[in-house]
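1. Got a sequence here, can you model it:
(3 chains)
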Amino acid sequence: MNTALQQDHFALFGLTATFDLDTGDLYRRYRDLQRTLHPDRFAGASPQERRLSVQMAAQLNEAYSVLSQPLTRARYLLECRNHPPQSNPKDLDIGFLQEQILLREEWEDVRRAGDQTAIAEFQLDLKRRIEAEEAEFSRLASTVGGADADLELARQAFYRMQFYHRQLEDCQAWQPAAN
Amino acid sequence: MAITMSPSAVRHVKGFLESRGKGGGLRLGVKTSGCSGLAYVLEVFDEVDKNDEVFDIEGIKIAVDRKSLIYLDGTELDYVREGLNEGFKFKNPNEKNSCGCGESFSV
Amino acid sequence: MTLLQISEPGRSPEPHARRRAAGIDLGTTHSLVATVVDGRPETIPDADGRVLLPSVVRYLADGAPAVVGDAARAAQAEDPLNTLASVKRLIGRSIDELPEFANRSHYEFAAGDSIMPKFATVAGPISPVQASAEILRALALRAAGTLGGAPEGVVITVPAYFDDSQRQATIDAARIAGLNVLRLLNEPTAAAVAYGLDRGTEGVHAVYDLGGGTFDISILRFTKGVFEVLSTAGDSALGGDDVDARLAAWIRAQAGLGDNLDHGAHRQLLVLARAIKEGLSDHAEMEITLSRPSGENWLGRITRAQFEELIADLIERTLAPCRQAVKDAGIALDELTEVILVGGSTRIPLVREAVAKFFGREAHVEIDPDRVVALGAAIQADILIGNKPDSDMLLLDVIPLSLGIETMGGLTEKIIPRNTTIPAVRAQDFTTYKDGQTALSLHVLQGERELVRDNRSLARFELRGIPPMVAGAARIRVTFQVDADGLLSVSAREQTQGVESRIEVKPSYGLSDEEVESMLTAAMDHAHEDMDQRRLRELKLEANQTMEALTAALAKDGERLLDAGERTDIAGALARLHGLNQGADETAIRGAIDELDRVSTVFAQRRMDDAIRNALSGHGVAEFSGDQDA
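-> Predicted coordinates:
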């Protein structure tokens, strides 16, 4: 097996695993690697190198798509550190469950009222919540290793981040009937 | 003026001329082209031109036009095998830079 | 180091002889071929100076070669059943999708076992793939005249919204035409390349491409030589043909022709409609003269306003994909730098108005919308064939439609979502749902809908030999890989028990290998040559390419990356293949290629790793110190 194909997503870019990533730097690394590995660079190469190039360029695209977004980056870090997020988490904090219900109700009210300023304000609030959770996640899980207790808290932060993201997507997908 | 040929080059040129059946001999020269400026000419000739110098190496007539001659002084024509490829090679002491692939050079 | 051979008088080769490459725009109504001359892409005209080759093929009786282009187009009304037009609308599609096309186009279809439609012609049943191959062959011949020999490699453009079947069918057509396809390139991306290199405007661009039979919208970012497609959407059955059909129906009704036109009269009406449509791009009103079957002429007129009313909903239909693409790209309309128009149908003033209104700005049309795609393809072909080793152009395209698999209840589970950058690879685990289940059947799908029956079925296959376990215990990993042409391959393996059970498939669109082979044999150029000879020739070519590429790689990196023993192994395998390739033993040559492949694997991998190190060397400190528990 090729060493690069075995590498984790961060190592592929020559980076240390961390949540606090300079996405501009990540993009430049991605671009320069893709310039080197893309199948277009191997059009005249042996069939073997062409196959390898497809695999590696695909791996690079996958790694970039995961690392470039905070939400997927957080999920990936949790997976790497043996705390993979569950698809139906059972151990959610009761306070967070109540918050979910309240937020959904609030959105219903705002949406029905149709006040554009209120809709924008609601979305801005979600974005602030996401930023806060990202900061929390970074504090708990950005460093190498990390105590189990911290990782568990980081996983809870991830669940909240994920919920706010989904709620935000719902808001953005919603189109007032008049439009 | 000295242009020489390695024994293997002599063998291959003679073989080539024999199998072609006709032809006065071998034309060597340079032309402007390529990424480093000049490129070698290696052709069979049927007739000599009035600008040609003609001399004889091991019974092979070699024609070189006078302009090319100054670039080729001291050159040995060799025939080599490299990996799966074989062919002629100009060993030219005047050559200063050649491009990476060796298809053109400058003096 | 290149070694010289003795040339004929005056025929010494130019150093760095350029390799012959061409870009082909295989269009619904017309096709073009272009090549790079002195660093600039140029479309190649025929002997009469015409650049557009009508995508029309007329088949003749008694084994006479098919006629392609203007002459075929002129024969449409006279010989409608043997003269095939707009076959691109059918390529890679199955008979089930036919009725709509068949009603409108007035062809006759041959009955057969294949699920692929075939036209009944005097030359026998002809598939859309074969007709497309004739068009490609005509273009390659035209290019050969300019290039001084048959093209060694071509880039063929396809609509961005083409699915896997349509792409695969296009590759098959090229194979039948005897062409070496360097890459399938999406049409809007090709146009962006031509614009990007011509104007050099960096930023986020929208390419609106309305052709004869297909509509694409792509949003892409162009910075520092990188063309990165952010999203694409479209409709692979919407184009100028539909506009023609609308106008033809209107003329028919006005002229009181009734519904029962014969094939020839119908085709004649479509030709007339097309001419009127083109006229209305420059004139506010057009006169229509139609010769009726009875002999007398019908005279009518249509204004641009009337015409626009007729087609308004068709143009409106292009805007939903535009909305989708902008949303998927995650950008706001005012973040767009430029809007580019591509395709002959964007000459219709109403289209330009609709685009300008939607995007809130005038679109760019500096490069002829008929030629721009072929020009972009030529640039890409020139790079891929190796004529511009220093080029740092990079195209990052996406898949237009999600790829997935059927799960219980007839639902589709997406594995690679649309707009994922290609090449792409993604794996998903599945399990058994019965105790002792030893086989799993997989149904591969493409499309956005939830229900399986609403998506395109690409392949069905079965993974057998799963060790018997309780339900839910097996772990079957299904891996989807999409290459740079947008083509999918799927592999599946069971991995709990270490018992290797594995399968790999390439979806086919209902054309078996045998069918492709028989089409190859039927193809004129190869009629003199039987299949065995052809296979041997292709195998030898593969062997030569492999040896050539490896020899070049060895010369460059062999000393640095391999030890003496490894070099000896590779040299030995090279020499054996070289020797066997002089002969005609297919099995032995295949074996020697595989052996060379095996012994040089480590070299290929080290070269890749080395390339990665080089690419990263310009970037800040790379701390490999390690996330060891990661």
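2. domains of the chain?
-> Went with chain A since none was named. Following automatic domain parsing, one finds the domains of chain A at A:9-68, A:94-173.
3. Chain C was what I was after
-> In terms of domains, chain C is parsed into C:21-238+C:318-397, C:240-314, C:399-511, C:528-616 (source: automatic domain parsing).
4. picking that back up, mind putting the domains of chain A into TSV with mean pLDDT and distance to C:Leu403?
-> (Glycine included, C-beta is placed from N, CA and C.) Formatted as TSV, those follow (pLDDT from 0 to 100; distance: least, C-beta to C-beta, whole Å):
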stretch	mean pLDDT	distance to C:Leu403
domain A:9-68	92	13
domain A:94-173	85	22
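5. Averaged pLDDT, stretch C:579-598. What do you get?
-> Averaging pLDDT along stretch C:579-598 gives 91.
6. least trustworthy helix or strand in chain B by mean pLDDT?
-> Every helix and strand of chain B was ranked by mean pLDDT, DSSP states H and E. The lowest is strand B:97-98, at a mean of 62.
7. in chain C, which helix has the most residues?
-> Criterion DSSP state H: the longest helix present in chain C is helix C:531-553.
8. Work out the gap between that helix and the centre of the chain.
-> Helix C:531-553 sits 24 Å away from the centroid of its parent chain (C-alpha atoms, centre = their mean, to the nearest Å).
9. try stretch C:314-333
-> Using C-alpha atoms, centre = their mean, the offset of stretch C:314-333 from its chain centre is 23 Å.
10. Is that stretch in proximity to chain A?
-> No - counting by C-beta under 8 Å from any C-beta of the partner chain, chain A has no neighbours in stretch C:314-333; the shortest distance is 8.6 Å.
11. Show me the contact partners of that stretch.
-> The contact list for stretch C:314-333 (C-beta atoms under 8 Å, 6 or more residues apart in numbering or on different chains) reads C:204, C:206, C:208, C:210, C:215, C:217-219, C:230-235, C:238, C:242-243, C:246, C:348, C:350-351, C:354, C:358-360, C:418-419.
12. Can you give me the first-to-last residue distance of it?
-> Separation of the first and last residues of stretch C:314-333 by C-alpha to C-alpha, to the nearest Å is 23 Å.
13. Over that stretch, what's the mean pLDDT, rounded is fine.
-> Averaged over stretch C:314-333, pLDDT sits at 93.
14. ok, and residue 56, which helix or strand is that part of?
-> This is for chain A. Following DSSP states H and E, the helix or strand that holds A:Met56 is helix A:47-67.
15. please go with chain B instead
-> Counting by DSSP H and E, B:Asp56 is found in strand B:52-57.
16. Next, the angle from the very next helix or strand once past that strand to strand B:52-57.
-> Going down the chain from strand B:52-57, the next helix or strand is strand B:60-65, by DSSP H and E. Between strand B:60-65 and strand B:52-57, the angle comes out at 150 degrees (axes from the mean of the first three to the mean of the last three C-alpha atoms, to 10 degrees).
17. Which elements pack onto strand B:60-65?
-> helix B:7-20, strand B:25-32, strand B:52-57 (3 or more C-beta pairs under 8 Å, 6 or more residues apart in numbering or on different chains; DSSP states H and E).
18. Roughly how far does the closest residue to chain B within the stretch 251-400 of chain C sit from C:Ala552?
-> Nearest residue of the stretch 251-400 of chain C to chain B, counting by C-beta to the nearest C-beta: C:Pro389, 9.4 Å away. Here the distance between C:Pro389 and C:Ala552 works out to 12 Å (C-beta to C-beta, to the nearest Å).
19. Name the residue in those two with the higher neighbour count.
-> C:Ala552 (14 against 11; other C-beta atoms under 10 Å in any protein chain shown).
20. And the more buried one, how far from chain B?
-> Distance, C:Ala552 to chain B, using C-beta to the nearest C-beta, to the nearest Å: 9 Å.
21. mind checking pLDDT for that residue?
-> 85.
22. Give me the phi and psi for residue 95.
-> Just so you know, I chose chain A. With angles defined as degrees, to the nearest 10, A:Gly95 sits at phi -60, psi -40.
23. switch to chain B, that's the one I care about
-> According to degrees, to the nearest 10, B:Glu95 has phi -70, psi 120.
24. What segments of the stretch 51-200 of chain C are helices?
-> Along the stretch 51-200 of chain C, counting by DSSP state H, counting those that start in this stretch, helices occupy C:70-74, C:99-105, C:128-147, C:164-176, C:187-199.
25. Deepest in the core, which of the domains of chain A is it.
-> Sort the domains of chain A by mean neighbour count, taking mean count of other C-beta atoms under 10 Å in any protein chain shown, and domain A:9-68 sits at the top with a mean of 20.
26. How about that one and chain B, touching?
-> No - counting by C-beta under 8 Å from any C-beta, chain B is not contacted by domain A:9-68; separation bottoms out at 14.0 Å.
27. tell me how far that domain is from the chain's mean position?
-> That offset, for domain A:9-68, works out to 18 Å (C-alpha atoms, centre = their mean).
28. Equivalent analysis for stretch C:57-66, please.
-> Distance of stretch C:57-66 from the chain centroid (C-alpha atoms, centre = their mean) equals 26 Å.
29. Return the members of the contacts of stretch C:314-333 classed as buried.
-> By neighbour count, with 16 or more other C-beta atoms under 10 Å in any protein chain shown, the contacts of stretch C:314-333 hold C:204, C:206, C:208, C:210, C:215, C:217-219, C:230-235, C:238, C:242-243, C:246, C:348, C:350-351, C:354, C:358-359, C:418-419 as buried.
30. Double-check that the residue of the stretch 251-400 of chain C closest to chain B belongs to a strand.
-> No - assignment of C:Pro389 by DSSP: H, G, I helix; E, B strand; the rest coil gives coil, placing it outside any strand.
31. so how far is chain A from the residue in chain B positioned nearest to chain C?
-> Closest approach between chain B and chain C, counting by C-beta to the nearest C-beta: B:Gly87, at 2.8 Å. Using C-beta to the nearest C-beta, B:Gly87 is found at 21 Å from chain A.
32. That residue against B:Leu77, yeah?
-> No - contact criterion C-beta atoms under 8 Å: B:Gly87 and B:Leu77 do not qualify, at 11.1 Å.
33. Averaged pLDDT, stretch C:63-73. What do you get?
-> Stretch C:63-73 shows a mean pLDDT of 92.
34. Buried residues in it, which are they?
-> Residues of stretch C:63-73 classed as buried by neighbour count (16+ other C-beta under 10 Å): C:66-70, C:72-73.
35. Need the pLDDT of C:Val602.
-> Per-residue confidence at C:Val602 stands at 90 (pLDDT).
36. shouldn't it be in contact with C:Glu566?
-> Yes - using C-beta under 8 Å, C:Val602 is in contact with C:Glu566, at 6.8 Å.
37. From chain B, how far off is C:Gly203?
-> 34 Å.
38. For that residue, which residues are in contact?
-> By C-beta under 8 Å, 6+ apart, C:Gly203 lies in contact with C:221-223, C:336-338.
39. Ok, B:Lys91 next?
-> Residues near B:Lys91 by C-beta under 8 Å, 6+ apart: B:75-78.
40. one more time with 10 Å
-> Neighbouring residues of B:Lys91 by C-beta atoms under 10 Å, 6 or more residues apart in numbering or on different chains: B:4, B:6, B:74-78, B:80.
41. Residue ranges in the stretch 401-550 of chain C under the pLDDT threshold?
-> Within the stretch 401-550 of chain C, the stretches with pLDDT under 70 are C:497-504, C:506-531.
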